[in-house]
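Starting from these lines, generate the structure:
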Amino acid sequence: VQLVESGGGSVQAGGSLRLSCATSGYPYLIGWFRQAPWKEREGVGAIYRASGRTEYADSVKGRFTISRDNAKTTVYLQMNTLKPEDTAMYYCAASTKVGSVWYLPRTYDYWGQGTQVTVS
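Next up, the predicted model:
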């Protein structure tokens, strides 16, 4: 499985960004994580490839939305009402294991290179 992220950038507080994660292969679960300097990697949300079911961290519920295209090869993270505390490097990750716990980094076998999101 290969993952390629895009869409990061700088935005003012209250603004929006959409991140994309182009995938190859057939992962069971695609997750989005973020990591700010000096902090642990944090699960933002995830989508189950077959069902399309999504999960979100409490800190982003109602502001972030994860979706996929019809071909199920690209996963999106739509981020609205961004706050300075959302500033981080954002990563998508893929798990091939059924029953994966979406918010645990160790669940995932493959990681993208990351894309920076800065909210000022």
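
quick one: which helix or strand includes the residue nearest the centre of the chain?
Central residue of the chain (CA atoms, centre = their mean): residue 32, 2.1 Å from the mean position. Element membership of residue 32, judged by DSSP states H and E, is strand 29-35.

helix or strand right after that strand?
strand 42-48.

what angle do that next one and strand 29-35 make?
160 degrees (axes from the mean of the first three to the mean of the last three CA atoms, to 10 degrees).

quick one: contacts of strand 42-48?
28-35, 53-57, 59-60, 64, 66-68, 75, 77, 88, 90, 102-105 (CB atoms under 8 Å, 6 or more residues apart in numbering). To be clear about C-beta, it is placed using only N, CA and C from the backbone, and glycine gets the same treatment.

from these, which ones fall inside strands?
Those of the contacts of strand 42-48 mapping onto strands are 29-35, 54-56, 64, 66-68, 75, 77, 88, 90, per DSSP state E.

What subset of the residues you listed is buried?
Buried subset of these (neighbour count, 16 or more other CB atoms under 10 Å): 29-34, 55-56, 64, 66, 68, 75, 77, 88, 90.

now for the residues you listed, which pair is the farthest apart?
68 and 88 (22.1 Å; CB to CB).

Can you dump the C-alpha atoms of stretch 29-41 in PDB for me?
C-alpha atoms of stretch 29-41 as PDB (Å, rounded to 0.1, in the frame of the first residue of the first chain):
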ATOM      1  CA  LEU A  29      -8.900   1.200   7.300                       C
ATOM      2  CA  ILE A  30      -7.500   4.600   6.400                       C
ATOM      3  CA  GLY A  31      -6.800   7.000   9.300                       C
ATOM      4  CA  TRP A  32      -5.800  10.600   9.600                       C
ATOM      5  CA  PHE A  33      -3.300  11.600  12.300                       C
ATOM      6  CA  ARG A  34      -1.600  14.800  13.300                       C
ATOM      7  CA  GLN A  35       1.500  15.600  15.200                       C
ATOM      8  CA  ALA A  36       2.500  19.000  16.600                       C
ATOM      9  CA  PRO A  37       6.000  19.800  17.700                       C
ATOM     10  CA  TRP A  38       6.700  18.200  21.100                       C
ATOM     11  CA  LYS A  39       3.500  16.300  21.100                       C
ATOM     12  CA  GLU A  40       2.500  12.700  20.500                       C
ATOM     13  CA  ARG A  41       0.900  11.700  17.300                       C
END
